[in-house]
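# What follows is a predicted protein model with its sequence.
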Protein chains: 2
Amino acid sequence: MESNYKSHSCGELRQTNVGETVVLNGWVQKRRDLGGLIFLDLRDRSGTVQVVCNPEVSAEAAEIADKVRNQYVLAVRGEVVDRSEETVNPKISTGKIEVFAQQVEILNESHTPPFDLTDDTEVEETTRLRYRYLDLRRPVMQKTMMLRHQAMQWVRNYLDQRGFIEVETPMLTKSTPEGARDYLVPSRVHEGEFYALPQSPQIFKQLLMVSGMERYFQIVRCFRDEDLRADRQPEFTQIDIEASFLSPETLFSMMEEMVAGLFRETIGVEVERPFRRIPYREAMERYGSDKPDLRFDMELVDLTETLRESSFKVFSSAIAKGGQVKAINVKGKADWSRKEIDEWNETAQQLGAKGLAWVTLKEEGAKGPVAKFLSEQEWHDVLKATEADTGDLLFFVADQPQKVAHILGELRVRLARELDLIPEDVYKFAWVTEFPLVSYDEEEGRYVAEHHPFTSPVEEDIPLLKTDPSKVRAMAYDMVLNGFEIGGGSQRIHRREVQEAMFNALGFTMEEAKEQFGFMMEAFEYGAPPHGGIAFGFDRLVMLLAGRTNLRETIAFPKTANATCLMTGAPSPVSQHQLDELHIARRKGNPSKK
Amino acid sequence: MESNYKSHSCGELRQTNVGETVVLNGWVQKRRDLGGLIFLDLRDRSGTVQVVCNPEVSAEAAEIADKVRNQYVLAVRGEVVDRSEETVNPKISTGKIEVFAQQVEILNESHTPPFDLTDDTEVEETTRLRYRYLDLRRPVMQKTMMLRHQAMQWVRNYLDQRGFIEVETPMLTKSTPEGARDYLVPSRVHEGEFYALPQSPQIFKQLLMVSGMERYFQIVRCFRDEDLRADRQPEFTQIDIEASFLSPETLFSMMEEMVAGLFRETIGVEVERPFRRIPYREAMERYGSDKPDLRFDMELVDLTETLRESSFKVFSSAIAKGGQVKAINVKGKADWSRKEIDEWNETAQQLGAKGLAWVTLKEEGAKGPVAKFLSEQEWHDVLKATEADTGDLLFFVADQPQKVAHILGELRVRLARELDLIPEDVYKFAWVTEFPLVSYDEEEGRYVAEHHPFTSPVEEDIPLLKTDPSKVRAMAYDMVLNGFEIGGGSQRIHRREVQEAMFNALGFTMEEAKEQFGFMMEAFEYGAPPHGGIAFGFDRLVMLLAGRTNLRETIAFPKTANATCLMTGAPSPVSQHQLDELHIARRKGNPSKK
């Protein structure tokens, strides 16, 4: 072949190319031999095209095609021709044409892959991860990787146009006490000392504001050595943003514009703006979640005042202990069987409920354990508050507020899924605002920062830092989408006296705070500007854009839930020499554990 | 102030803004009190503008301005006015106007910085690194960071438009035996096992080619735990590129276009294309370097054949031992004193020369230790070959070829600097091609890969892998600029039998190679496409774009030559608890060292 480098991509050929001689490069997706005619589905990144090897067109090409197997890498020179009407394949974009091979060259052979490299392959995820390089050949994975790239490009160009500059911050940095567990890197040069991989560039981005960079961003890898859940990875990517001299309102509207543009440009979805704002307290009250899924209603209804004096002791005694009674109305499900209801009761108990009280509003009257205990007035008020009608089912939970929110919030989502109440292809964004600044950590016996210790309190709550830190609202906000937190940020403390008050509330003496954050607190003495920022979980954003349900599907080479790469085998043993150079030794077990 | 968020940037105000009321935010760069009138140079990322606080305009503003000190953070509301002709400052872009302050608000105070935050600050680098957040406030540093961002944006957009997609590869990966020393990360979950930080995404980018991604790039952090020189950092940024089904010629021309665009878009320099190509052997012969500085001539002249039989034993005996005699002509320096010449002799000896032979071509005849030993014919040939005239000075080195190249190559550059032969603002790009594939490592007693073990040999040299590996030329190339290697790449081996031959030449049995590169070699059995790629040292590219001489000046938070961050104090001791969780213990000294 004169040149075997591609002149066209497989998936881009159309009827307009008919008559052209093209060179294609790609993998054999499927090979069929129909009585001497060999049909090859040739696939590259752009898609698939049918190549016909006919000995009457080229005996040589047909002879080589005879040796070809699935996943062989080929160069094909041939002419684009119209398919006959009865062989047109409307399912693929190249379905109206095919390529008559004049020359075929085998660029490389292939063993038979351990699983089908198609979108609907049926194989365990572990096998896919073990052979990730083959898994990534499946069209759905290629599309996700291209979408991920597109998303990064959009975000970078958007931020660039708004005057944000990308600044790379160190990966080998210092271990800090707040936050999750650090990954450590032993130093060879400095015996007994360690770097930490960053959990986020939080400190550096704030220092860049002190530096007068004004508008910073970075799409950056971050690391957390936590016990992994299905939706966590030891390393993950964050869109990290920080700005000085920018009102929170302006930042909100920029971020809305950025995300809306992202959805429009990558998947063609128009997002409603401005986003709804929901204070944290309201989100917990109405949805039992700080990342409410707003694609459906079924809100939590507070019946505490209505049932404070109820003769149903489960309710009134919970309320007497400072608890709440709340309900959700499962519309039209009064006909659920006792067995079905019992299953939900079990779910509630798994979520931590003592029990799930319920009433079915049947034609013949209310049934269920709660029904007979309520007075007429109570009934009237409950029905009004829950907007319940004949045919509905009410679930009640009575407990401490946090528990009620957790249980009913989770039931709300699971019921909606079960009942198919969640519309597809709907994207409901919101900002959840006014998060609590700190929470009390029973184990540590002190307040801990809900976000990080540089989050600014709401101005009017600053005096409460000394008297009742748990009441202080933070100038912190999350961007939520369809029940996921996709981003979180805050206005930062830029004045040293507020920072000191914050550290004091967290139980740090100034000495301790200086030991750990010394250079940061020192930096703030040289003219820190008012600043704030946000960080988005990029892997999750891509997951939602791609309509996937697992972060691993959005990452080229992910790790499993126990932080292993099944393809490379990392982590792995290393040589004694390597450890010696790093002044460390392996040690059996964990002496910290009893 | 109604709103104290900036309406304009300081450096963008011009005479067209005269009459407008603006709000500015920034830092006080300088404050002068001229008899009640207070002049503030207010600086933000965009530049500086003069603010005049006149009690007759606003008594309140003047009063606050009285309290202001250098580096205070201010919000200023005021009117833009023309400067009187005699106060116009042509040195700054805002020099024709000033702002009459109506309101001044102190957003934050500042201690006096430990050094002058100006471009020409005179302070030790250690102090600048210790207070990097202040150092980055200096305009030259801000410009460099913005240039770096611009450069990244250009590269990303260029590659995106050419169909390259950015794919993020893991940071927590597997330690491999080839290459430099790895940074290791102990695993908490897998006792006794370690991740390695990537020295480059080499393996992953090749696997992405196996995956059919076709065109990949990434601007990515890489890590090498080497003893640092002035121009090395433990973590550095690489523009990493790989493509399938692309001829090396097409890749060359794309990369030239990318780099030329980068220079045009960021610093307005037009680069000559196509780049010159110089085979490695020729580069070593003519310039004594595989990264020749082509901004000046002064080439190395090979006199070996001319002087093979010379009665000057230093020459003829070196040649008899398989060595060379080469010279450079230092034009017009026959008048250098003996002392000056001796200093160059000393330099040559530091570089490993036994001595530097020389001749000065004075009006009165040739002088110097070589002169009298050469026959008339030899003289004739030497003068012709070196194009030497009266007034010139010739330096000769006789030694083994590698040494001659090293010594004269380095002298060539140092002489050019000394003699001011290197034109400024000239950018001479070239490709150095056909590098040797392997070299013999005396210490290890085996051949080692000059690049990495996946570099393809030149097709016709493949048989030599078995017989004489040192003669095999690689399909490897470097992009060089002004004496720096800025990028390097190669066509890769995509066929397993060539890969095996390569590993065998490196002294790996197939078992050993599989142990270390098993998944990669396995991947290549499933249809690896022909592919190749390149990686650019991004920090160095930015250094050259910005006209700096030190990589640290291009990195926001760099480390020192002993891998310390003077600002954060990383690396640092960590708690026993952290080490216990990671199943490691500190160990005094390095038991591997005798």
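Nice, thanks for sending it over. Numbering: from 1, shown residues only, chains lettered A, B, ... in the order given.
# how close does the residue sitting furthest away from the middle of chain A sit to residue A:36?
Distance from the centre of chain A peaks at residue A:56, with 54.4 Å (Cα atoms, centre = their mean). Residue A:56 sits 9 Å away from residue A:36, going by Cβ to Cβ, to the nearest Å. All C-beta atoms are positioned from the backbone trio N, CA, C, and that covers glycine.
# and residue A:380, how far is that from residue A:328?
Applying Cβ to Cβ to residue A:380 and residue A:328 gives a distance of 19 Å.
# Give the residue from the two that has the larger number of neighbours.
Per other Cβ atoms under 10 Å in any protein chain shown, whichever of residue A:380 and residue A:328 has more neighbours is residue A:328, with 22 against 12.
# The more buried one: what's it in contact with?
Applying Cβ atoms under 8 Å, 6 or more residues apart in numbering or on different chains to residue A:328 gives the contacts A:298-301, A:386, A:394-395, A:408, A:411-412, A:415.
# which ones among those are found in strands?
Here DSSP state E is the test, and the contacts of residue A:328 give A:301, A:394-395 as lying in strands.
# Can you report how many residues lie near the residue of the stretch 201-350 of chain A found nearest chain B?
Going by Cβ to the nearest Cβ, chain B is nearest to residue A:211 of the stretch 201-350 of chain A, at 3.6 Å. Using other Cβ under 10 Å, the number of residues around residue A:211 comes to 27.
# quick one: it and residue B:137 touch, right?
Yes - using Cβ atoms under 8 Å, residue A:211 is in contact with residue B:137, at 5.4 Å.
# what touches both of these two?
Here residue A:211 and residue B:137 have no joint contacts, going by Cβ under 8 Å, 6+ apart.
# How many residues are close by residue A:560?
Using other Cβ under 10 Å, residue A:560 is surrounded by 14 other residues.
# just the one 3 residues further on next, same as before
Summarising burial for residue A:563: neighbours were counted as other Cβ under 10 Å, giving 23.
# ok, now residue A:13?
When neighbours are counted by other Cβ under 10 Å, residue A:13 registers 24.
# now do residue A:322
The local packing of residue A:322 (other Cβ under 10 Å) involves 8 other residues.
# Would you check that it makes contact with residue A:400?
Yes - using Cβ under 8 Å, residue A:322 is in contact with residue A:400, at 6.8 Å.
# quick one: pLDDT of the closest residue to residue A:583 other than its chain neighbours?
Leaving out its chain neighbours, the residue that sits closest to residue A:583 by Cβ to Cβ, 6 or more residues apart in numbering or on different chains is residue A:191, at 4.5 Å. For residue A:191, the model assigns a pLDDT of 94.
# Domain-wise, how is chain A divided?
Chain A breaks down into these domains under the TED database: A:15-108, A:296-422.
# So which of the ones you listed is nearest residue B:125?
Proximity to residue B:125 (Cβ to Cβ) singles out domain A:15-108 among the domains of chain A, at 47.0 Å.
# So for the closest one, mean pLDDT?
The average pLDDT within domain A:15-108 is 96.
# Now do the buried residues in the helix or strand of chain A with the lowest mean pLDDT.
In chain A, the helix or strand scored least confidently by mean pLDDT, DSSP states H and E is helix A:510-523, which has a mean of 81. With burial defined by 16 or more other Cβ atoms under 10 Å in any protein chain shown, the residues of helix A:510-523 counted as buried are A:513, A:516-517, A:519-523.
# Quick one: residues in contact with stretch A:92-99.
A:10-15, A:17-18, A:22, A:24, A:42, A:47-52, A:76, A:78-83, A:87-89.
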